[in-house]
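Colleague: Fold the following.
(one chain, ligands or ions: 1)
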Amino acid sequence: MTRDDIVPALRMRGVTLSFAAQGRRVGQEVLRGVDLDLPPGEVVGLVGESGCGKSTLARVGVGLLRPDAGHVILRDGTDLAASSARAVARLRPRLQWVVQDPYSAFDPSLPLRRSIVPVVRRQGHATGDAARSLAADALVAVGLQASHLDRLPGQLSGGQLQRAALARALLVDPEVLIADEIVSALDFRVGEEILHLVRRGARERGRAVLFVSHDLGAVALVCDRIAVMDEGVIVESGPTGAVLNHPQHARTQALLEAVPTLP
Ligand SMILES: Nc1ncnc2c1ncn2[C@@H]1O[C@H](COP(=O)(O)OP(=O)(O)OP(=O)(O)O)[C@@H](O)[C@H]1O
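Modeller: Numbers count the residues shown, from 1 in each chain. Next up is the predicted model:
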């Protein structure tokens, strides 16, 4: 079987979107005919300069934004772009989204266990004490402690809460995980552990991951493939080594030149 025979977990075709102003679609298109495949078991890095449309594409990928044109197709053929809001909501467990600001991911008034243990129960993995124990294991896997389950989100640092958000998303065991700048707030060592966890999860569970980042070092470490975006268009994509070692497009070259080097 060749790579071309593998059905992507998520296939975006011709995705085009502009934001509405005063109820009307106006202005420049933020996404312009984007084609992007997320194969199962692989981590695809999405890079590009600030404002080029990465997070917008990420939100389209999990059905939080509906494109004006194009298709967002899951492995079973479901097109998110053609599905009702209710149908997309039902699909949500198959598509998880972890974002840079982890405080937005949790109800600030609830201890983490109230946000995480029900996920274990909904997945049918366990009930009662066993569910709490699996939730605790998930926190430990991302470098936290079981006792963090009893804390409020505001009682964790941004980096700790980021890890808790990732733990919850992984518990859902989604077909597609979209990680938008998830290691930006973490120190290098913790960030690296998280990246390995994401990569292992993709490989072992056949999960497709879109890893949005401006950090080319992180991208080089975790991604099988890279897509470079510029002004709403994917200008270059390919295996990580090829794109980083032999960049073809001026935008990719500029991103590589902008990577800081130690004196
Ligand atoms: N809800 C919105 N309404 C109007 N414009 C928006 C909205 N969200 C994003 N934009 C605009 O769309 C463009 C792309 O934004 P997006 O957040 O996708 O960029 P990005 O590449 O993720 O940037 P960064 O790396 O800084 O997070 C920007 O010009 C932004 O101002």
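Colleague: CA atoms for contacts and neighbours, from now on please.
Modeller: Fine.
Colleague: How many residues are close by the nearest residue to Leu36 once chain neighbours are set aside?
Modeller: Closest residue to Leu36 apart from its sequence neighbours, by C-alpha to C-alpha, 6 or more residues apart in numbering: Met12 at 5.0 Å. Neighbour count of Met12, defined by other C-alpha atoms under 10 Å: 23.
Colleague: What is the three-state secondary structure of Met12?
Modeller: Put simply, Met12 is strand when judged by DSSP: H, G, I helix; E, B strand; the rest coil.
Colleague: continuing past the helix or strand of the chain with the lowest mean pLDDT, what's the next helix or strand?
Modeller: Taking mean pLDDT, DSSP states H and E as the measure, strand 24-25 is the helix or strand of the chain with the lowest mean score, a mean of 53. Sequence-wise, the next helix or strand downstream of strand 24-25 (DSSP states H and E) is strand 31-38.
Colleague: ok, which stretches of this structure are strands?
Modeller: Ranges of strands in the chain, per DSSP state E, are 10-17, 20-21, 24-25, 31-38, 43-47, 69-74, 95-98, 176-180, 208-212, 225-230, 233-239.
Colleague: list the helices and strands the first one packs on?
Modeller: In terms of contact count using 3 or more C-alpha pairs under 8 Å, 6 or more residues apart in numbering; DSSP states H and E, strand 10-17 is assigned the packing partners strand 31-38, strand 69-74.
Colleague: Would you confirm that Asp35 contacts Met12?
Modeller: Yes. The pair formed by Asp35 and Met12 meets the contact definition of C-alpha atoms under 8 Å, at 5.1 Å.
Colleague: Next, the contact list for the residue in the stretch 101-250 of the chain that the ligand sits nearest to, please.
Modeller: Relative to the ligand, the nearest point of the stretch 101-250 of the chain is His214 (6.5 Å; C-alpha to the nearest ligand atom). Listed by C-alpha atoms under 8 Å, 6 or more residues apart in numbering, the contact partners of His214 are 47-50, 181.
Colleague: Leaving out chain neighbours, which residue sits closest to Gln162?
Modeller: Pro102 (5.0 Å).
Colleague: wait, doesn't that neighbour sit right on Ala167?
Modeller: No. The pair Pro102 and Ala167 does not pass the contact test of C-alpha under 8 Å, sitting 11.7 Å apart.
Colleague: burial count for Gly232?
Modeller: 24.
Colleague: got it, and Gly158?
Modeller: Gly158, neighbours per other C-alpha under 10 Å, totals 17.
Colleague: again, but for Gly238
Modeller: A total of 16 residues lie near Gly238 under the criterion other C-alpha under 10 Å.
Colleague: now it: how far from Arg203?
Modeller: Applying C-alpha to C-alpha, to the nearest Å, the value for Gly238 to Arg203 is 18 Å.
Colleague: quick one: which of the contacts of His214 is most hemmed in?
Modeller: Highest neighbour count within the contacts of His214, by other C-alpha under 10 Å: Gly48, with 27 neighbours.
Colleague: partners of the nearest residue to it once chain neighbours are set aside in the sheet?
Modeller: Nearest residue to Gly48, sequence neighbours excluded (C-alpha to C-alpha, 6+ apart): Met229, at 4.9 Å. With DSSP bridges applied, Met229 shows beta-bridge pairing to Ile234.
Colleague: can you check Ala179 too?
Modeller: Beta-bridge partners for Ala179, by DSSP bridges, are Val98, Phe211.
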